[in-house]
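**Student:** make a model of this:
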Amino acid sequence: MRQTWRWFGPKDRVSIDDMMQAGVEGVVSALHHVPTGVVWTPEEIGQRQREIATRRDGRPSSLQWEVVESLPVSEDIKKQQGDWKTHVENWKVSMRNLRDAGIEVICYNFMPVLDWTRTDLAWERPNGARCMRFDLIDFAAFDIHILARKGAAESFPPEVVEAAARRFAEMSEEDKERIAGNVVFGLPGAAEKFTLEQVREHLAQYDNITEDRLRGNMIDFLSEVAPIAQDIGMRLCCHPDDPPFPLLGLPRIMSTEAQYRAVLDAVDLPANGVTLCTGSLGARPDNDTVKIFKALADRVHFLHLRNVSIEGSALMNSFFEDNHLSGHTDMAAMVKAIVAEEARRAAAGRSDWSIPFRPDHGQDILDDIGREAQPGYPAIGRLKGLAELRGLYNAFQHVAAEA
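**Tutor:** Numbers count the residues shown, from 1 in each chain. Purely as a prediction, here's the structure:
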């Protein structure tokens, strides 16, 4: 497990120096300032590499940009509308430029309109820590009463609709603005930030796009880019839906093992792979994340290790970002399975035997509170998670070496 850390660029409140002190081995980043669909030029890529390679005082950092997260897939590509063919060609050029710069892994997602969705970005826990939370009642109140999406009430059970009406009636204008802002926060660090009217416009464009059609569009996209990735030695890995159940009337196509398998089998190349996110997949009670990893392990190119606690047994439920060793995923069993997969790959002579992972998200603790880092990406909270995961990994490696 190669220890990596996500960095949002020079404006990130968690610095290169902080990462070095955390003891990470590589950096996960992206050119968030480049508009979606535009080519990532060698000059822009090189600038980000230099930023990562340089400490605050100008000395070398010893760190390198190792994983791209994310090279965005445009809404035009997902819908196969507008400039989608040009965007696909630009994605290919960006991929080649990244590979020429020595980068081998690209994480992306195929979620329509919005990336991860939360209703609270700083929910206080009993011990004073802050975390991100998805409250189903708050979200239903947003969807039905704030966004006022046509047919929204039909997307929720009757008891949720009733509770949402009561919750909305109690909300102040400040509450409504806060929840709306949290829900439409968009892709972390991205150039796009959506207004409610823009969200309505984007949703309307998906009115006739079913799950099958969206999957078909994704397969068409991968059929174009994955063969090139295979030829040039690039590994592509799709991040799961977050949360892994339908929202806002939009189709979800990467929420279960079966959905992943359909796409992997349709474009059956080693380069076409998986970002296994235990937090995203783990927000659904019927997803056994360890089982999913074992089933897809041969094609897992990147790992996001985090945990969520689910507050219900239904497919759609409330959840919050828990500590890395607490929640729905048995993280000890997960790391044990990863160590076994890496040993299998090493024995087979695979150059990608060490799977890059990052301690995804984390609770704001200690001096994280008030730092105003990217929501979900605190310094100390992630360092705590990294230390816990590092301990599990070293312990299972030690056991394997003695066997």
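**Student:** for Leu31, list the residues it contacts.
**Tutor:** By C-beta atoms under 8 Å, 6 or more residues apart in numbering, the residues touching Leu31 are 40, 44-45, 48. To be clear about C-beta, it is placed using only N, CA and C from the backbone, and glycine gets the same treatment.
**Student:** apply 7 Å and report the result again.
**Tutor:** When contacts are counted by C-beta atoms under 7 Å, 6 or more residues apart in numbering, Leu31 touches 40, 44, 48.
**Student:** check the gap between Asp364 and Asp322 for me.
**Tutor:** 13 Å (C-beta to C-beta, to the nearest Å).
**Student:** quick one: which of those two has more around it?
**Tutor:** More neighbours surround Asp364 than the other of Asp364 and Asp322, with 28 against 21 (other C-beta atoms under 10 Å).
**Student:** any idea of the pLDDT on the more buried one?
**Tutor:** Asp364 is assigned a pLDDT of 97 by the prediction.
**Student:** can you check Thr195 too?
**Tutor:** Predicted confidence (pLDDT) for Thr195: 81.
**Student:** residues touching the residue nearest to it when sequence neighbours are not counted, list them.
**Tutor:** Spatial nearest neighbour of Thr195, excluding adjacent residues (C-beta to C-beta, 6 or more residues apart in numbering): Val184 at 7.6 Å. By C-beta under 7 Å, 6+ apart, Val184 lies in contact with 114, 194, 196, 199.
**Student:** just the buried ones out of these, please.
**Tutor:** Neighbour counting by 16 or more other C-beta atoms under 10 Å classes 114, 194, 199 among those as buried.
**Student:** now, these that are in helices?
**Tutor:** Per DSSP state H, helices hold the following members of the buried ones among the contacts of Val184: Val199.
**Student:** which one of the buried ones among the contacts of Val184 is nearest Pro244?
**Tutor:** Nearest to Pro244 among those: Leu114, at 13.9 Å, using C-beta to C-beta.
**Student:** run a quick neighbour tally on Arg371.
**Tutor:** Based on other C-beta under 10 Å, the number of other residues close to Arg371 is 13.
**Student:** could you do Lys85 as well?
**Tutor:** Lys85: 12 neighbours (other C-beta under 10 Å).
**Student:** surely Glu124 meets Arg130?
**Tutor:** Yes. Here Glu124 reaches Arg130: they are 5.7 Å apart, a contact under C-beta atoms under 7 Å.
**Student:** more neighbours: which of the two?
**Tutor:** A direct count of neighbours by other C-beta under 10 Å for Glu124 and Arg130 places Arg130 higher, at 20 against 13.
**Student:** check contacts around that one.
**Tutor:** Residues counted as contacts of Arg130 (C-beta under 7 Å, 6+ apart) are 122-124, 363-364, 369.
**Student:** looking at the protein, which helix or strand is least sure?
**Tutor:** Scoring the helices and strands of the chain by mean pLDDT, DSSP states H and E places helix 196-204 at the bottom, with a mean of 88.
**Student:** sorry, back to before: of the contacts of Arg130, which pair is most distant in space?
**Tutor:** Greatest spatial distance among the contacts of Arg130 (C-beta to C-beta): Trp123 and Ile369, at 12.6 Å.
**Student:** can you pull out the strands in the stretch 101-250 of the chain?
**Tutor:** Using DSSP state E, counting those that start in this stretch, the strands of the stretch 101-250 of the chain run over 105-108, 120-124, 130-134, 235-238.
**Student:** residues contacting the residue positioned nearest the centre of the chain?
**Tutor:** Residue closest to the mean C-alpha point of the chain, counted by C-alpha atoms, centre = their mean, is His239 at 5.5 Å. By C-beta under 7 Å, 6+ apart, His239 lies in contact with 107-109, 275, 277.
**Student:** contacts for the lengthiest helix in the chain?
**Tutor:** Identified as the longest helix of the chain according to DSSP H is helix 379-402. Outside of helix 379-402, the residues within contact range by C-beta under 7 Å, 6+ apart are 1, 3, 14, 18, 22, 305, 324-325, 331-332, 335-336, 339, 343, 359, 362-368, 371, 373.
**Student:** next up, the contacts around the residue lying closest to Gln230 once chain neighbours are set aside.
**Tutor:** Of all residues not flanking Gln230 in the chain, Ala271 sits nearest, at 4.1 Å (C-beta to C-beta, 6+ apart). Contact partners of Ala271, counting by C-beta under 7 Å, 6+ apart, are 226, 229-230, 234-236.
**Student:** pick the one among these closest to Pro72.
**Tutor:** Using C-beta to C-beta, Leu236 is the member of these that lies nearest Pro72, at 13.3 Å.
**Student:** count the neighbours of the closest one for me.
**Tutor:** Leu236: 26 surrounding residues under other C-beta under 10 Å.
**Student:** ok, now Gln230?
**Tutor:** For Gln230, the neighbour count with other C-beta under 10 Å is 16.
**Student:** are we agreed that Glu372 is in a strand?
**Tutor:** No. Assessed with DSSP: H, G, I helix; E, B strand; the rest coil, Glu372 is coil; it does not lie in a strand.
**Student:** that one touches Arg13, doesn't it?
**Tutor:** Yes. Counting by C-beta under 7 Å, Arg13 is a contact partner of Glu372 at 6.1 Å.
**Student:** who's more crowded, those two?
**Tutor:** Higher neighbour count among Glu372 and Arg13: Arg13, with 14 against 10, using other C-beta under 10 Å.
**Student:** now the more buried one: closest residue in space, sequence neighbours ignored.
**Tutor:** Per C-beta to C-beta, 6+ apart, closest to Arg13 is Ala373, 4.1 Å.
**Student:** you'd agree the one you found is up against Asp18?
**Tutor:** No. Ala373 lies out of contact with Asp18 (C-beta under 7 Å); the separation is 9.8 Å.
**Student:** residues touching Leu247, list them.
**Tutor:** Applying C-beta under 7 Å, 6+ apart, the residues contacting Leu247 are Thr117.
**Student:** Ile52 now?
**Tutor:** Counted by C-beta under 7 Å, 6+ apart, Ile52 has contacts 7, 16, 27, 29, 61, 63-65.
**Student:** need the max-distance pair from these.
**Tutor:** Farthest apart among the contacts of Ile52 - using C-beta to C-beta - are Ser29 and Ser61, which lie 12.8 Å from each other.
**Student:** more crowded one of these two?
**Tutor:** Between Ser29 and Ser61, counted using other C-beta under 10 Å, the more crowded position is Ser29 (24 against 17).
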